[in-house]
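1. what follows is a protein structure lacking sequence information:
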């Protein structure tokens with residue numbers, strides 16, 4: 001290990017160690033009070049206005065100890081014979097498997113520059129460390145020629161981007177044949193037409209606002225988007241469009257007292273709350289599988305096609321908005337409207353510009369300086385499914401308190417020039433699965449929907465077992481054990497392997513069986529069933545999915561009833577063992593909104609809870625053990641003594 005590498009690792013370790021434990025676990029930042037320090041975005045701490053945390057939004061391909069990019073692209077083909085006397089298809093079937101370890105990091109110099117700027121903005125303030133993302137989504141975008149010969153942008157892959165210790169995101173995805181073709185050709189250029197697109201969810205709090213959100217669930221569920229029953233799976237952008245339509249119709253209302261400059265942020269908060277109550281992330285992670293992406297339900301288009309269509313529509317709308325800005329009439333300091341065909345002053349000095357020429361030149365810089373719409377490079381990649389338990393009646397929440405919320409932060413980066421690695425089979429490899437020389441098969445294994453912190457909170461490890469029965473009766477077996485340590489070290493990429501043992505039928509040779517065995521903290525192992533597969537990559541999603549319950553109390557109700565603090569204990573069962581989590585709402589700090597995260601079986605929604613109210617005069621009240629299945633738990637009604 002070189003001195004430079006050791007120095008960089010030491011700096012990274014010091015930065016991580018300097019972050020308080022609360023910041024690394026339950027970070028409490030104000031999402032609506034960001035400032036910019038140098039190249040970084042900084043968010044203040046809710047409890048300490050002099051502590052700030054920076055966003056890690058500089059993605060790039062990670063490199064290994066030898067300085068080589070941690071990237072691989074396997075493109076595969078499988079020959080297809082004709083059936084029923086018909087000729088064989090013109091092309092073989094196939095696809096591709098891409099794996100990349102993307103570093104999300106900032107330099108020491110960028111942090112120091114941010115600290116200097118922060119001192120000028122807020123004397124005495126300090127940059128404490130990085131923000132902690134809750135989750136992340138990843139997409140691949142490239143271009144192709146449509147049937148008319150025009151260049152169009154297409155979504156070729158969606159994936160989950162779990163956050164790893166060391167500020168890295170490991171991404172693996174299986175591409176369709178068309179996606180693999182497009183991407184493979186793109187890497188022949190010095191600047192490949194392929195980009196990483198990250199959408200990261202940042203949890204935190206919104207400052208108190210004099211506003212109330214009201215939503216009529218009976219009307220919301222009747223909206224054509226949610227009532228069609230054809231599509232039970234939705235892109236996040238599709239949900240937002242439906243909510244916007246419902247806001248215009250009055251089914252969703254945001255009532256604000258005072259100025260409306262923050263109305264857009266309040267509406268986004270409302271949409272986030274409603275989305276959490278109505279939908280769950282698809283597959284527990286928000287990332288659809290390849291089969292879900294490429295195949296829609298009967299009578300509907302696939303999620304991949306819908307994401308591409310939304311991308312095209314979003315780009316068109318942004319460009320049209322920018323054209324309107326460029327054509328907007330310019331109003332000089334005198335207040336006169338000077339546009340096309342507008343009034344002019346013909347009394348000018350010889351050799352000078354006319355007033356019309358002057359105002360035209362003024363208008364051009366003014367248009368250039370007006371804020372433009374960002375032309376989106378990607379549609380929202382998160383996917384959701386509607387919860388089985390439907391909300392009823394009218395939902396109402398008072399935002400005049402510190403309210404839990406989340407921001408979606410987007411950043412993009414080109415993958416960079418990898419043309420010098422094209423001849424290196426460790427990075428780029430083509431395989432025909434019917435090639436007799438292909439005597440062994442590697443199956444990539446990834447853990448879906450978990451990050452390194454989940455291994456510390458819920459899961460000890462997962463073992464993935466594989467068995468392959470060969471044509472001659474012999475059996476091959478392999479297994480891989482994934483825990484917190486090697487999850488980080490291997491970048492969430494593992495492999496199972498079996499070879500060729502007199503397997504004369506190539507198609508049969510592709511078949512194998514696998515099963516996961518999960519070990520959860522405090523519980524017995526959970527064994528999955530043996531499953532047949534021919535896939536070249538396996539996404540291991542846990543049998544339990546993360547659930548979020550938001551605990552809410554209204555400021556007026558808390559004041560009227562003399563409540564000083566509310567403690568909520570949530571009970572849930574994980575692998576046969578009951579567990580609990582506790583949160584406390586603090587009335588003195590107006591912190592009357594919290595979230596509780598826990599694991600439940602994928603098909604379960606019920607959880608238990610108990611509320612304890614601490615009242616004036618050192619009195620307490622308890623709700624006793626109760627049961628619920630809602631995403632929002634209102635805790636501001638104290639029972640009678």
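-> Ah, there it is. Note that the coordinates shown come from a computational prediction; the quantities given were computed from them, not determined experimentally. Residues are numbered from 1 along each chain as shown.

2. per-residue pLDDT, the residue nearest to residue 534 when sequence neighbours are not counted?
-> Residue nearest to residue 534 in three dimensions, not counting chain neighbours: residue 510, with 4.4 Å by C-beta to C-beta, 6 or more residues apart in numbering. C-beta: built from backbone N, CA, C; applies to glycine. We have a pLDDT of 88 for residue 510.

3. I'd guessed residue 510 sits against residue 433; true?
-> Yes - judged on C-beta atoms under 8 Å, residue 510 makes contact with residue 433 at a distance of 6.9 Å.

4. could you pull out the strands for the stretch 201-350 of the chain?
-> For the stretch 201-350 of the chain, the strands defined by DSSP state E, counting those that start in this stretch cover 211-216, 233-235, 252-256, 279-281.

5. how about CSV for those strands, with distance to residue 537 added?
-> Listed next are these as CSV, based on distance: least, C-beta to C-beta, whole Å:
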stretch, distance to residue 537
strand 211-216, 40
strand 233-235, 21
strand 252-256, 40
strand 279-281, 20
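
6. present the ones you listed as TSV; the columns should include distance to residue 477, mean neighbour count and mean pLDDT.
-> Conversion of these to TSV gives the following (distance: least, C-beta to C-beta, whole Å; neighbours: other C-beta atoms under 10 Å; pLDDT from 0 to 100):
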stretch	distance to residue 477	mean neighbour count	mean pLDDT
strand 211-216	53	20	89
strand 233-235	35	22	79
strand 252-256	55	17	86
strand 279-281	33	21	81
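
7. wait, which of these is closest to residue 600?
-> Distance to residue 600, taken as C-beta to C-beta, is lowest for strand 279-281 among the strands of the stretch 201-350 of the chain, at 10.5 Å.

8. mind listing what's buried along stretch 241-250?
-> Residues of stretch 241-250 classed as buried by neighbour count (16 or more other C-beta atoms under 10 Å): 242, 243, 246, 247.

9. mutual contacts of residue 510 and residue 433, please.
-> Counting by C-beta atoms under 8 Å, 6 or more residues apart in numbering, the contacts common to residue 510 and residue 433 are residue 78.

10. for the closest residue to residue 267 other than its chain neighbours, give the beta-bridge partners.
-> Leaving out its chain neighbours, the residue that sits closest to residue 267 by C-beta to C-beta, 6+ apart is residue 254, at 5.5 Å. Using DSSP bridges, the beta-bridge partners of residue 254 come out as residue 213.

11. returning to that earlier point: keep only those of the buried residues of stretch 241-250 that are in helices.
-> Judged by DSSP state H, the buried residues of stretch 241-250 include 242, 243, 246, 247 as members of helices.

12. distance of the residue nearest to the last one when sequence neighbours are not counted from residue 52?
-> Read it as residue 247. Spatially, and ignoring its direct neighbours in sequence, residue 247 is nearest to residue 267 (6.8 Å; C-beta to C-beta, 6+ apart). Distance of residue 267 to residue 52, given as C-beta to C-beta, to the nearest Å: 27 Å.

13. for the stretch 1-150 of the chain, give me the ranges with low pLDDT.
-> 1-26, 81-88, 139-140, 142-150 (pLDDT under 70).

14. quick check: can you list the domain ranges of this structure?
-> Residue ranges for the domains of the chain, per automatic domain parsing: 208-325+376-401, 439-542, 546-634.

15. need those domains in a markdown table (columns: distance to residue 414).
-> Shown next, in a markdown table, are the domains of the chain (distance: least, C-beta to C-beta, whole Å):
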| stretch | distance to residue 414 |
| --- | --- |
| domain 208-325+376-401 | 10 |
| domain 439-542 | 20 |
| domain 546-634 | 32 |
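
16. that older thread, burial count for the residue nearest to residue 247?
-> For residue 267, the count of nearby residues is 18 (other C-beta atoms under 10 Å).

17. cool, residue 182 as well?
-> That count, for residue 182 with other C-beta under 10 Å as the rule, works out to 21.

18. same thing with residue 448?
-> With other C-beta under 10 Å as criterion, residue 448 counts 19.

19. that older thread, what's the closest of the domains of the chain to residue 182?
-> Closest to residue 182 of the domains of the chain, according to C-beta to C-beta: domain 208-325+376-401, at 12.3 Å.

20. tell me how far the ends of the closest one are from each other?
-> 4 Å (C-alpha to C-alpha, to the nearest Å).

21. now do stretch 547-566
-> Calculated as C-alpha to C-alpha, the first-to-last residue distance of stretch 547-566 is 21 Å.

22. how close does the residue nearest to residue 186 when sequence neighbours are not counted get to residue 417?
-> Closest residue to residue 186 apart from its sequence neighbours, by C-beta to C-beta, 6+ apart: residue 192 at 4.3 Å. According to C-beta to C-beta, residue 192 and residue 417 sit 7 Å apart.

23. ok, those two, which is more surrounded?
-> More crowded of residue 192 and residue 417, by other C-beta under 10 Å: residue 192, with 18 against 12.

24. wait, what's in contact with that one?
-> 186, 414, 415, 416, 417, 418, 419.

25. now do residue 94
-> 75, 76, 77, 78, 177, 180.

26. now, which of those residues lie within strands?
-> 75, 76, 77, 78 (DSSP state E).

27. can you lay out those residues as TSV showing neighbour count and distance to residue 120?
-> Shown next, in TSV, are these (neighbours: other C-beta atoms under 10 Å; distance: C-beta to C-beta, whole Å):
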residue	neighbour count	distance to residue 120
75	20	52
76	19	55
77	19	59
78	17	61
